[in-house]
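> Give me the fold of what follows.
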Amino acid sequence: MTHNYSKEVAEDLLTIQAVKFAPEDPFTWASGIVSPIYTDNRLTIAFPKVRDLIAAGLAELAAERFPEADIIGGVATAGIPHAALVADRLAKPMIYVRVKPKDHGRGKQIEGADVANKSVLLIDDLFSTGGSVLGAGTAVQAAGGRVVGLLAIFSYELKALSENFAAAGLDYAALTNYTQLAQAAVARGDLDASQIETLKDWHQDPKHWRK
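Residues are numbered from 1 along each chain as shown. So this is what the prediction gives:
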């Protein structure tokens, strides 16, 4: 990439307080994982400069890594605004994918462009274990589309994520990641030594941390 987005985006996420560190009072993710860190990238859409930087980075990453994509897809709900911005920058059709089909009307799970016989790049706000974006990918494939890749603003770089994406045979990339975020937090003085050790312990084995 012509611009090094990783460090800048990590610093922006910390500045807007999209990232929360709470080793003493950990969070429970939707996947059931107990974590001392929580990233809420929904906040990014409230900050025009941050939002624009992310859109530029994702669009550049999409063009470099997945130029064959016919359609840009947003994973509901947090991936939708970023997919819209990327689709606009790349002048490509867009879809968004619900968690499950609507229970009324036409009962659609995918809105927007027709994905049949098309290549789709899916965008989410972050990657943890990859469950939500893989669910969206299954819906695209069921509708006759082909998922060519997965993008996110941030990746927790968990072993489960790489294993799940490898099992699905899907390539992926993120603008910034857990390693860069931790480095930025240390540089800013957001974490003390004990918190850094806690985060390292969690990242090595998140499934069994504090169990």
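
> Quick check: chain neighbours aside, which residue is closest to residue 95?
Spatially, and ignoring its direct neighbours in sequence, residue 95 is nearest to residue 112 (3.7 Å; Cβ to Cβ, 6 or more residues apart in numbering). C-beta: built from backbone N, CA, C; applies to glycine.

> Sorry, wrong one. I was asking about residue 202.
residue 209 (4.5 Å).

> Just give me the neighbour total for residue 44.
If you count neighbours by other Cβ atoms under 10 Å, residue 44 ends up with 24.

> Just say helix, strand or coil for it.
The three-state label given to residue 44 by DSSP: H, G, I helix; E, B strand; the rest coil is helix.

> if I look at it, how far off is residue 61?
16 Å (Cβ to Cβ, to the nearest Å).

> same check, this time on residue 51
Distance from residue 51 to residue 61, by Cβ to Cβ: 16 Å.

> which one of the two has more residues nearby?
residue 61 (21 against 17).

> Was I right to think residue 130 contacts residue 161?
Yes: taking contacts as Cβ atoms under 8 Å, residue 130 lies within contact range of residue 161: 4.9 Å.

> So the two - more neighbours on which side?
residue 130 (26 against 21).

> Name the nearest residue to the more buried one, sequence neighbours excluded.
Nearest residue to residue 130 in three dimensions, chain neighbours excluded: residue 164, at 4.4 Å (Cβ to Cβ, 6+ apart).

> Where does that neighbour sit: helix, strand or coil?
Under three-state DSSP, residue 164 comes out as helix.

> okay, now residue 30: neighbour count?
Residue 30: 9 neighbours (other Cβ under 10 Å).

> now swap in residue 126 and tell me
Neighbour count of residue 126, defined by other Cβ under 10 Å: 21.

> Bridging across strands, which residues link to it?
Counting by DSSP bridges, residue 126 forms beta bridges with residue 154.

> on that earlier part again, quick check on the residue nearest to residue 95: phi, psi?
phi 110, psi -130 (degrees, to the nearest 10).

> List the contacts of the most centrally placed residue in the chain.
In the chain, the residue lying closest to the centroid (Cα atoms, centre = their mean) is residue 126, at 2.1 Å. Residue 126 makes contacts with 39, 41, 78, 152, 153, 154, 155, 156, 174, as judged by Cβ atoms under 8 Å, 6 or more residues apart in numbering.

> One more: residue 131?
With Cβ under 8 Å, 6+ apart, residue 131 has these contacts: 30, 31, 164.

> Now render these as JSON lines, adding pLDDT and distance to residue 66.
Shown next, in JSON lines, are the contacts of residue 131 (pLDDT from 0 to 100; distance: Cβ to Cβ, whole Å):
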{"residue": "30", "pLDDT": "80", "distance to residue 66": "26"}
{"residue": "31", "pLDDT": "81", "distance to residue 66": "25"}
{"residue": "164", "pLDDT": "95", "distance to residue 66": "19"}
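
> Of those, just say which sits nearest to residue 18.
residue 30 (17.1 Å; Cβ to Cβ).

> Output the below-cut-off pLDDT ranges for this structure.
For the chain, the stretches with pLDDT under 70 are 1-2, 102-107, 211.

> which residues in it form helices?
5-15, 48-65, 80-90, 131-142, 159-168, 178-188, 193-204 (DSSP state H).
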